[in-house]
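Asker: Turn this into a structure:
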Amino acid sequence: MKRTLLFGTALEVMVCLTLLTSCQKQPQRPIAATPQTNDGSTLKFLATGDTLLNVTYESGTLNSGITGLGTTAATAPDAAYMISPGSTGNYGIAHKVILDDTAYASAGQPRSESDALSIANARYQPGDARRYEFSVLLKDWTTWNTTMPADAEILFQAKPTSSGPSFFIAAKRNAIVFRHGTSAQDNLVADYTSYINQWIDFRVDVLWSNNGTGTYSVYTCLPGGSYTLKAQYSNESTYSSGSAYGYIKWGLYRADQSTANGSVATRIAYHDNIRIIAL
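Answerer: Below is the predicted model of the structure:
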């Protein structure tokens, strides 16, 4: 694995030019301008800058008014709920997980997540170049101390349908980290404790590849700041899966956690402005 901060491809040059933008919401083509189909045939006609998904929650509903957008599979009435205000608008979404309560679990794990699985243009395959953005707020988050397990509270993930995540962003100890592959991990926020109950923005630019030509560029925008490059990888197999395609999920996934092991019982995370843009 080679890690570099050099911009040696046309994709990376374009990414570099966009670094000057702030964390604020930028004008994008409306999601309706790219028809959502089930066969994925429109994907080859995409142009750089096309917005493939734009989840603002300004409809005031859990699916943001987007047909096919998945909401939590957890059955608790407050596993997912609307919050106001959001990061940049009137609404956002909250996901809540209480450990040791099956109403806050799905597929046998404590989690509450939304997803874009059923939206064809939001999926990814080898050869796709995509930008993923989202805003997150750690609501009344209990900080980590050395008596607690080093849990990874997954806040956002890109995942092929039949394998583990291609990458995920998670709160771990008192940091927010980016992880991909079997062990590669970088701090996106070295210490989030000063930013609890504040919105933080993240951006991940990916060239999806199954032949060792893929790239990751990962940015963080802290409250009142601008996007800053925090991790970059090149010459990667970013799509190491036999799945036909991958999709994104956001919310809270608390894999294998329990209060018996000393994990925090209740976690709540807010999300807003989830976007996918063609690069």
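
Asker: Which strands or helices does the helix or strand W250 falls within pack on?
Answerer: Per DSSP states H and E: W250 is located in strand 246-253. Other helices and strands packing on strand 246-253, by 3 or more CB pairs under 8 Å, 6 or more residues apart in numbering; DSSP states H and E, are strand 92-98, strand 109-115, strand 152-160, strand 266-278. C-beta here means a position set from N, CA and C on the backbone, and glycine is covered the same way.

Asker: pLDDT of that strand, averaged?
Answerer: For strand 246-253, mean pLDDT is 98.

Asker: quick revisit: so which of the helices and strands packed on strand 246-253 comes closest to M82?
Answerer: strand 92-98 (6.3 Å; CB to CB).

Asker: Contacts for that closest one, please.
Answerer: By CB atoms under 8 Å, 6 or more residues apart in numbering, the list of residues contacting strand 92-98 from outside reads 57, 62, 72, 74, 76, 78-86, 104, 110-114, 135, 137, 139, 250-252, 254, 265-272.

Asker: which element follows it toward the C-terminus?
Answerer: Sequence order places strand 105-106 as the next helix or strand after strand 92-98, per DSSP H and E.

Asker: Tell me how many other residues surround the nearest residue to Q257 once chain neighbours are set aside.
Answerer: In this structure, Q257 finds its nearest non-sequential neighbour in S263, 4.2 Å apart by CB to CB, 6 or more residues apart in numbering. Neighbour count of S263, defined by other CB atoms under 10 Å: 19.

Asker: secondary structure class for S263?
Answerer: Counting by DSSP: H, G, I helix; E, B strand; the rest coil, the backbone at S263 sits in coil.

Asker: Now do it against L279, distance only.
Answerer: Going from S263 to L279 by CB to CB, to the nearest Å gives 37 Å.

Asker: now do G60
Answerer: From G60 over to L279 (counting by CB to CB), the distance is 31 Å.

Asker: Between these two, point out the one with more neighbours.
Answerer: L279 (19 against 11).

Asker: Return the distance of that one relative to Q157.
Answerer: 19 Å.

Asker: and what of Y227?
Answerer: For Y227, the distance to Q157 - CB to CB - is 20 Å.
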